[in-house]
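Chemist: sharing a sequence plus its predicted fold:
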There are 2 protein chains.
Amino acid sequence: MRREPYRMEGLPERVTVYEVGPRDGLQNESAVIPVEVKAKFVARLAAAGHRVIEATSFVHPKWVPQLADAAELLTSMERVPGVRYPVLVPNERGLDRALEHGVTEIVIFGSATETFAAKNLNRTLDSQFEMFAPVVARALEHGLRVRAYVSMCFGDPWEGPTPIAQVVEVGRRLLDLGCYELSLGDTVGVGTPGHVSALIEAFGGPDRLAVHFHDTYGQALANTLAALRAGVTVVDASTGGIGGCPYAESATGNLATEDLVWMLHGLGVETGLNLDALVETSTWLAARLGRPSPSRVVQALSRSSKP
Amino acid sequence: MRREPYRMEGLPERVTVYEVGPRDGLQNESAVIPVEVKAKFVARLAAAGHRVIEATSFVHPKWVPQLADAAELLTSMERVPGVRYPVLVPNERGLDRALEHGVTEIVIFGSATETFAAKNLNRTLDSQFEMFAPVVARALEHGLRVRAYVSMCFGDPWEGPTPIAQVVEVGRRLLDLGCYELSLGDTVGVGTPGHVSALIEAFGGPDRLAVHFHDTYGQALANTLAALRAGVTVVDASTGGIGGCPYAESATGNLATEDLVWMLHGLGVETGLNLDALVETSTWLAARLGRPSPSRVVQALSRSSKP
C-alpha cells in the first residue's frame, strides 16, 4: 500500500538507521550460522540501502561462540563502497585483530551500571575506562573511528532504574576518550518516552547521541519517537528484530528495523532504505534461523503477500 | 522494579483506559470460551482497576458465534458499582436485546471507508447513518449513553489510506446523531504518529475523541503517544493484547493494556490500574485460550517472575 507521509513538527528530515543485526542480532543464536549466510545477510542489508552495518565482534569466542568466525567473515564478505562496517572490539587484543583485518571503525561496549560492569566487563564502573582508554587511543592513532555503547542506561535487572547523572558521567568519559558517538542503550527495554527525553536533555542535547532500544516491554518505537523529537538522528535497529532474548522463541530483542522504517517513512523521514527489500531479507533469514521474525511489519507484510 | 515516573510536557495527567478485551479481544477466538470464564475475566478486569469494560456484543451469533452468550453473560456477571459495562449493538434488534438486559451504555460500529461499510455493514458509506440513526435515537430516549467506533480511519486493505476529510465527515455525522464519544480505530494498524496528529487536528482537537490502535505494524504505542500529545485522554486497549488476527498464533491485534500501562505509568500518567493484577489476569486467560499473550509486558514480567 503506497502511503503519503504525514509529517510531525520537530522531527529530523533524515535519520541514519545504524544496523546491528549481524552482530547484536545474531550473537545470541545458539545454532551456529554458516559464515556464508552471514556474508549474504550483510550483503543483502547493504543492497537494501543500509550505509552502516555493524558486522561482527572480536570478543573472545568463549563468550560469544556465534561470532568466532569474525575474521573469516571480514575476509570473505563483500564491501560496498560508501557503506561502513563497524566491528565491536572489547579490548586491545580485539583491536589488534580488527586492525589485522582492515577494519576502519570500531565500537566499544561500556556499562552505565556497577553490576553490569562487573558481570559483563569484569570491571568496576570506574575502572572500565582504564580498559577502554588504550583501545580508543590506539584506534585513533590508526585513523579508526570509535563508537561507544552505553548499556543499561534506563535500568538493569539488579539495581533498578539507572540514575541519569550516572549515565551522563559514563557517557561523557567515553566521549572524552575520543569516541565520535554514544549509543544510549536500553538493554533490558524498561525505559519510557519521558525518561528518554530527560536523558537526552541531561546530556545537553542530541549532539553525538544515538539511541539503541530493545522492545522487551513494547516501548522501543514510542521511545524512538521521543528521541527523534529531542533531535536524535541516529537510531540503532536490527533487521527482523532478531537478537536480545535467546531464551524465548521469537522473543523481543532489538527494535526491528522494519517497524522503525514503517514509522519513519510514514512520518516522511528519509532513511534511504527499501522496506520491501528488508522484509524479504528478514523472511530469508528467518528460514535459515528456523523461526519467524518477531517484527510486526515483517509478520504483517509476509501475511499480506500470501494469497 | 519500582520506577519513578519521568513526565513529558504536554501530556494529560490522567488517562481512561477503555478496556475492549472481553468483546473485541475474544470475538475472534474460534474455540468457544465458557461464559463462566468470560464473567471471571470481566470481574478480574474490574478488580484490576478498570472503570469501563466493553463486555460483549449483541451482533447476530451467525457473524460472531463467540459472543452468542451475550445475554447469559450480562445476566450472570458481577457488576461493580462505578464500573461501566458498554455493549456493542449493531442494529435495532441488538438494541432491543441490550435494553432487555439492563445495559446502560451501548457502542455502535461505523466505517470510515466505502468498502468496509459494504463488507461489514452491508451498507454504503452514506447509508450507514440511516441504520444507526434510529438505534441512537431510541437508546438516548431510554437514557443510554452511546459511543461510536469509526473503523478503518487510517486505511483499509482495499482502498489504501483513508482520506482524513472522509473520516472527519463520518465522525461528525455520528456525533451529530448524539454519540458522546468517537473511538478512532486503526483497524488494520497501518497508521503512523503524524497521521494520528493530523487526524485529531482535522477534528478541531481532542474533544470527544478516543483512539483505538491495533499493533499489526508495531505502531500502536507510538501512535498512542502522538494522540496523548494531541490531548486525547481515552485510549482503547485489550488486556493481554488479545484479538484482531485470528489466523496467526499470538499475532498482534489490539494494543495490549499492559504495554500501554507500562508507558503511561512510566510517564507519570495516572490510570487507576494495577499492572501486576492485569499481567496475572492475562496469564490466567492465556492458559484458558491455550496460547501465550502477545503483550510484550506480559511476556517480560511472566519470564522475570520465574526462578
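Modeler: Arrived safely.
Chemist: helix/strand/coil for the closest residue to residue A:18 other than its chain neighbours?
Modeler: Counting by CB to CB, 6 or more residues apart in numbering or on different chains, residue A:236 is the residue found nearest to residue A:18 once chain neighbours are left out, at 4.7 Å. C-betas here are computed from N, CA, C, even on glycine. Using DSSP: H, G, I helix; E, B strand; the rest coil, the three-state assignment for residue A:236 comes out as strand.
Chemist: how about the contacts made by residue A:236?
Modeler: A:17-20, A:24, A:183, A:185, A:210-213, A:254-255 (CB atoms under 8 Å, 6 or more residues apart in numbering or on different chains).
Chemist: so which residues of chain A form helices?
Modeler: Using DSSP state H, the helices found in chain A span residues A:35-47, A:70-76, A:92-100, A:114-116, A:128-141, A:164-177, A:193-202, A:220-229, A:257-266, A:275-289, A:296-304.
Chemist: burial measure for residue A:29, as a count.
Modeler: Burial of residue A:29 is recorded as 17 neighbouring residues (other CB atoms under 10 Å in any protein chain shown).
Chemist: give me the phi and psi for it.
Modeler: The phi and psi values for residue A:29, taken as degrees, to the nearest 10, are phi -70, psi 130.
Chemist: that one: what's its closest spatial neighbour, skipping adjacent residues?
Modeler: Closest residue in space to residue A:29, ignoring its immediate chain neighbours: residue A:66 at 5.4 Å, by CB to CB, 6+ apart.
Chemist: hmm, which helix or strand of chain A has the shakiest average pLDDT?
Modeler: helix A:296-304 (a mean of 86; mean pLDDT, DSSP states H and E).
Chemist: residues of that one that come out buried?
Modeler: Neighbour-count burial for helix A:296-304 flags A:296, A:297, A:298, A:299, A:300, A:301, A:302 (criterion: 16 or more other CB atoms under 10 Å in any protein chain shown).
Chemist: that one and chain B, any residue contact?
Modeler: Yes: taking CB under 8 Å from any CB of the partner chain as the criterion, helix A:296-304 and chain B are in contact, through A:296, A:297, A:299, A:300, A:303, A:304.
Chemist: gap between the two ends of stretch A:187-200?
Modeler: By CA to CA, to the nearest Å, the extent of stretch A:187-200 from end to end equals 17 Å.
Chemist: could you confirm whether that stretch reaches chain B?
Modeler: Yes: using CB under 8 Å from any CB, stretch A:187-200 comes into contact with chain B via A:189, A:190, A:191, A:192, A:193, A:194, A:195, A:197, A:198.
Chemist: how far out from the middle of the chain is that stretch?
Modeler: On the basis of CA atoms, centre = their mean, to the nearest Å, stretch A:187-200 sits 16 Å off its chain's mean C-alpha point.
Chemist: stretch A:273-288 too?
Modeler: The chain centroid and the centroid of stretch A:273-288 are separated by 18 Å, computed with CA atoms, centre = their mean.
Chemist: same thing with stretch A:162-173?
Modeler: 19 Å.
Chemist: avg pLDDT for that stretch?
Modeler: When pLDDT is averaged over stretch A:162-173, the result is 98.
Chemist: okay, buried residues for that stretch please.
Modeler: Within stretch A:162-173, judged by 16+ other CB under 10 Å, the buried ones are A:162, A:164, A:166, A:167, A:168, A:170, A:171, A:173.
Chemist: so the first one sits right up against residue A:154, yeah?
Modeler: So the one you mean is residue A:162. Yes: using CB atoms under 8 Å, residue A:162 makes contact with residue A:154 at a distance of 6.2 Å.
Chemist: shaky segments in chain A?
Modeler: Counting by pLDDT under 70, chain A shows low-confidence ranges at A:1-2, A:244-252, A:304-307.
Chemist: endpoints of stretch A:145-159, how far apart?
Modeler: Taking CA to CA, stretch A:145-159 runs 32 Å from one end to the other.
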